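Trainee: Give the three-dimensional model of this entry:
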Amino acid sequence: MARLTLLNGAVLAAAATLSASAVAADTCETVQSRTSIPMLKPLTLDYNEEQTEYWSTSCGDLKPACILTPTTAEEVASIVSVLLENNETFAVKSGGHNPNNYFASIDGGPLISTVKLNEVTFDAESETVRVGPGNRWEDVSGTLDGTGYQAVGGRIGNVGVGGYILGGGLSFMSTQYGWAANSVLEFTLVLANASIITVSESNHPDIFTALKGGGNNFGIVTSFLLQVYPQGNVWGGNLVFDATPEVTAGLLAALRNFTENYPDEKAGIIMTAERTFETLVDLWIMFLYYNGPEPPSGVFDSFLALKPTINSCKTQSMNALLSGNNWAIVKGSVYTIGTESMPLPSKEHGPEILQSVYDHWVNVSDTAKHVPGVIASIAFQPLPRSIAKIAQAKGGDMLDLDAEHDRIIVELDYSFWARSDYAKIDLTMQATYNGIQSLVKGYQQSGLLPSDVFLPLFQNDAFYPQDYFGRLRPERLQLAQQVQAELDPDGLFKQRTAGFKIPA
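Mentor: The predicted model follows:
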């Protein structure tokens, strides 16, 4: 998609005053002349390799003037000091799994890659691990394997640490320990004035809360101190089903019952439908997890009773499970992601409501079935009220969910081969999540879904036009505005880098 549709007006105003040569000659050359910060330049093998480290080729096709790879918080601060001398747009990249163009990618300006901020330091005495944002969760889980502990993190090993935590972070372990952000004890943060602060609940409580789901609006995080939890081998893998009408109805009913009557806090699922090859391939694929070597009888029985054609579940290490889930990444394609939230329907009305959501996705995805290489998927992710209880007990976060209702987070994905089809898929994605929101509102108005349910968006799954901050509680939005005004009064992060921005 054209850059103009993806950057906000303030960013465009700054970018319009710069020629491509001026961009290249500013931050990159100044950093090179003043510091020894490692830098990757265009037309080099290392630069090209780093540009492949995106889940979406559309992000990798954007070409930064240089890629800066700082190794310390002080080096990040030095880069920010240089940025303060000019008006360039820039981007900060952790793992590159966010597919929204310009959120962690840039065309013509400097890219700050945190790839060398890759510390993973475990401390058994304090039951903590200090993690740099340049890691992926397979790096963290791999280091912790064998220690008897694990961190609350991503469900696919290749997911990057930084954006995941700053977006909240839904984990297989969330029903035991809350969002990933709820297990952060301390952030190291480089501010817009190039100073470095340590943020914890005790010294900067408002900033601490704002960082837990506030995205990239307040500075550049260079490390996270995380609480870790006892864990040995786990059980998990995938179930694959043919998406017959009978199986689809059975899985949707099982999902609803599982979410309401959550059988075991150690259990986790993602239930995903996949359609590709012009709908010739029509499958359900489930991701299962249990925090223990074997799940007790009954935990997953309602899903297993539907007789999957493939069952890869087994006892393994957490690192093996997460790395094994990397098959779900579609390399070499443009990738988009969107989301919507919904209340969990009652047992009486669940079949109609969940089927209508699924049917809507099928109908809209059919409009794009001839786009070359398209893979359409919808994931139903349980959000039982227990997660909200845990989050509240740990001090809260930007989502600020109440524990009065169970919910489902719907994740939507479209992968396809060519950037030239982005405009078509953009409209398809928006039609998909807007249609789900309309269905939910219609069922609320008719009384089939409760109408008093707070339904924020899950930032990690949101598409670039979605109004993440507008869907938060007014008090949380006000908190974000206050923290931004305090930390970034001149708008370095608000105006010169993309992402989900805090409205005035």
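
Trainee: Go through the protein and flag its longest helix.
Mentor: helix 422-446 (DSSP state H).

Trainee: which strands and helices sit next to that one?
Mentor: strand 334-343, helix 350-366, strand 407-416 (3 or more CB pairs under 8 Å, 6 or more residues apart in numbering; DSSP states H and E). Quick note: C-beta positions are derived from backbone N, CA and C, even for glycine.

Trainee: after that helix, next one along is what?
Mentor: On the C-terminal side of helix 422-446, the closest following helix or strand by DSSP states H and E is helix 474-487.

Trainee: residues in contact with the longest helix of the chain?
Mentor: Contact with helix 422-446 is made by 1, 5, 58, 334, 336, 338-340, 342-343, 345, 349, 353, 356-357, 360-361, 364-365, 367-368, 371, 374, 410, 412, 414, 416, 449-451, 453, 455, 463, 465-466, as judged by CB atoms under 8 Å, 6 or more residues apart in numbering.

Trainee: Contacts only, for Val92.
Mentor: Counting by CB under 8 Å, 6+ apart, Val92 touches Ala104, Leu111, Ile112, Thr114, Gly162, Asn216, Ile220, Thr497.

Trainee: Kindly reformat the residues you listed as a markdown table containing neighbour count.
Mentor: Listed next are the contacts of Val92 as a markdown table, based on neighbours: other CB atoms under 10 Å:
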| residue | neighbour count |
| --- | --- |
| Ala104 | 30 |
| Leu111 | 25 |
| Ile112 | 28 |
| Thr114 | 27 |
| Gly162 | 26 |
| Asn216 | 24 |
| Ile220 | 25 |
| Thr497 | 25 |
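
Trainee: from these, which single one is nearest Gly169?
Mentor: Ranked by distance to Gly169 (CB to CB), the contacts of Val92 are led by Gly162 at 10.6 Å.

Trainee: all strands for the stretch 101-250 of the chain, in order.
Mentor: 110-113, 120-123, 128-131, 149-151, 184-190, 196-199, 220-230, 234-242 (DSSP state E, counting those that start in this stretch).

Trainee: so which of these is the most packed in?
Mentor: strand 110-113 (a mean of 26; mean count of other CB atoms under 10 Å).

Trainee: pLDDT on that one, on average?
Mentor: For strand 110-113, the mean pLDDT works out to 98.

Trainee: I'd like to know which elements that strand is packed against.
Mentor: strand 66-68, helix 73-83, strand 91-93.

Trainee: in its sheet, what does it sit against?
Mentor: strand 66-68 (parallel), strand 91-93 (parallel) (DSSP bridges).

Trainee: which residues are contacting that strand?
Mentor: So strand 110-113 is contacted by 27-28, 31, 40, 50, 64-70, 76, 79, 83, 88, 90-93, 105, 134, 220 (CB under 8 Å, 6+ apart).

Trainee: circling back to that earlier point, quick one: closest of the helices and strands packed on strand 110-113 to Asp402.
Mentor: strand 91-93 (32.4 Å).

Trainee: Out of the helices and strands packed on strand 110-113, flag the one nearest Gly396.
Mentor: strand 91-93 (25.4 Å).

Trainee: now the helices and strands packed on helix 422-446 as JSON lines including mean pLDDT?
Mentor: Formatted as JSON lines, those follow (pLDDT from 0 to 100):
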{"stretch": "strand 334-343", "mean pLDDT": "98"}
{"stretch": "helix 350-366", "mean pLDDT": "98"}
{"stretch": "strand 407-416", "mean pLDDT": "98"}
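
Trainee: Next, format these as TSV and append distance to Ala194.
Mentor: Listed next are those as TSV, based on distance: least, CB to CB, whole Å:
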stretch	distance to Ala194
strand 334-343	32
helix 350-366	46
strand 407-416	37
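
Trainee: Quick one: those as a markdown table, columns for mean neighbour count too.
Mentor: Shown next, in a markdown table, are those (neighbours: other CB under 10 Å):
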| stretch | mean neighbour count |
| --- | --- |
| strand 334-343 | 24 |
| helix 350-366 | 18 |
| strand 407-416 | 24 |
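
Trainee: List the buried residues for stretch 301-319?
Mentor: Ser302, Phe303, Leu306, Pro308, Cys313, Thr315, Gln316, Ser317, Met318, Asn319 (16 or more other CB atoms under 10 Å).

Trainee: how close does the closest residue to the first one other than its chain neighbours sit to Leu304?
Mentor: Across the structure, with CB to CB, 6 or more residues apart in numbering as the measure, the residue nearest Ser302 apart from its sequence neighbours is Ala254 (3.9 Å). With distances taken as CB to CB, to the nearest Å, Ala254 is found 10 Å from Leu304.

Trainee: Ok, Glu125 next?
Mentor: 41 Å.

Trainee: And Ser438, by the same measure?
Mentor: From Ser438 to Leu304 the distance is 34 Å (CB to CB).

Trainee: Mind checking which of the contacts of strand 110-113 are buried?
Mentor: 27-28, 31, 40, 50, 64-70, 76, 79, 83, 88, 90-93, 105, 134, 220.

Trainee: Could you export the strands of the stretch 101-250 of the chain to TSV, including columns for distance to Gln445?
Mentor: As requested, those are exported to TSV (distance: least, CB to CB, whole Å):
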stretch	distance to Gln445
strand 110-113	46
strand 120-123	49
strand 128-131	45
strand 149-151	42
strand 184-190	39
strand 196-199	42
strand 220-230	41
strand 234-242	33
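
Trainee: Out of those, the one nearest Leu479 is which?
Mentor: Among those, strand 196-199 sits nearest to Leu479 (CB to CB), with 14.0 Å.
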